[in-house]
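>>> need a structure here:
(one chain, ligands or ions: 1)
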Amino acid sequence: MYKRLTRWLRLLGYDASFDTSLEDEEYPPIAIKEDRILLTRDDLLAEIAIKQGAKTIVVKGLSIEEKLVHLHKEAGIELSFSDDILPRCSNCNGELKIITKKKVAELVPEGTREHFDLFWQCKNKKCAKVYWKGSHWQKMENTLKNCQELLKKEKKQSTKKDKKKKED
Ligand SMILES: [Zn+2]
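Below you'll find the model as predicted:
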């Protein structure tokens with residue numbers, strides 16, 4: 001259900017697990033054991049999970065921007081790529097490491113190697129996916145910008161509401 005959101009969280013550097021194979025009641029104990037925040041759209045599951053003591057967020061929003069902004073407000077996730085935090089593999093949640101241009105030679109087309117200086121590779125040997133800040137990355141930066149705009153708008157609206165309340 002949250003495949004796309006999971007990929008996003010990983011690229012922002014968060015350790016995000018995605019599994020739709022479990023029964024509802026199996027999620028809360030795993031979230032507790034692995035110290036994860038359970039993300040769900042299911043109010044009933046959220047209620048059960050919270051009762052069991054699992055940190056839980058009912059994700060609101062339709063667009064990816066709305067969802068990310070919601071998670072920013074609820075859990076403080078960053079809405080920008082930080083130079084200090086390496087992304088995680090969007091594919092498998094593995095940690096990424098920076099690799100040299102030389103090493104990337106066999107893995108990335110020449111044109112790409114010419115245009116980019118920074119490459120990462122997934123440390124998970126089974127996956128070993130290579131990343132660079134290509135056009136896809138640009139699109140993601142734009143999405144994050146949209147998120148920040150959305151957040152600003154929401155803040156403005158809520159201060160307006162506050163003012164109105166005071167005036168009332
Ligand atoms: Zn990977």
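
>>> May I see the buried residues of the longest helix anywhere in the chain?
Looking across the chain with DSSP state H, the single longest helix is helix 135-167. Across helix 135-167, burial judged by 16 or more other CB atoms under 10 Å covers 140, 144, 146-147, 150-151. Any C-beta I mention is one placed from the backbone N, CA and C, and that applies to glycine too.

>>> swap in stretch 41-61?
45-46, 48-49, 54, 56-59.

>>> If we only consider the buried residues of helix 135-167, which is nearest to the ion?
M140 (17.2 Å; CB to the ion).

>>> how about the nearest residue to that closest one, chain neighbours excluded?
Nearest residue to M140 in three dimensions, chain neighbours excluded: L11, at 6.8 Å (CB to CB, 6 or more residues apart in numbering).

>>> and L79, what element?
Assigned by DSSP states H and E, L79 falls within no helix or strand.

>>> okay, it: pLDDT?
Note for L79: predicted pLDDT of 96.

>>> wait, it sits on H70?
No. With contact defined as CB atoms under 8 Å, L79 and H70 do not form a contacting pair (11.1 Å).

>>> how about the residues of the chain that lie near the ion?
89, 91-92, 94, 122, 124, 127, 129 (CB under 5 Å from the ion).

>>> List buried residues within those.
89, 94, 122.

>>> which one of these sits closest to K102?
C122 (18.2 Å; CB to CB).

>>> Go ahead and confirm that closest one touches C92.
Yes. Taking contacts as CB under 8 Å, C122 lies within contact range of C92: 6.4 Å.

>>> hey, what's in contact with both of the two?
Residues within reach of C122 and of C92 at once, by CB atoms under 8 Å, 6 or more residues apart in numbering, are K129.

>>> Quick one: low-confidence residue ranges for the protein.
1, 168 (pLDDT under 70).

>>> Helix or strand: which one has the residue nearest the centre of it?
What sits nearest the mean C-alpha location of the chain, by CA atoms, centre = their mean, is L9, with 1.4 Å. L9 belongs to helix 3-11 when elements are defined using DSSP H and E.

>>> Please confirm that I57 is located within a strand.
Yes. Assessed by DSSP: H, G, I helix; E, B strand; the rest coil, I57 belongs to a strand.

>>> check contacts around it.
37-40, 46, 70-71, 74-75.

>>> Quick one, which of those residues are buried?
Buried, going by 16+ other CB under 10 Å: 37-40, 46, 70-71, out of the contacts of I57.

>>> Go ahead and confirm the residue nearest to M140 touches L86.
No. Counting by CB under 8 Å, L11 does not reach L86; the two are 10.1 Å apart.
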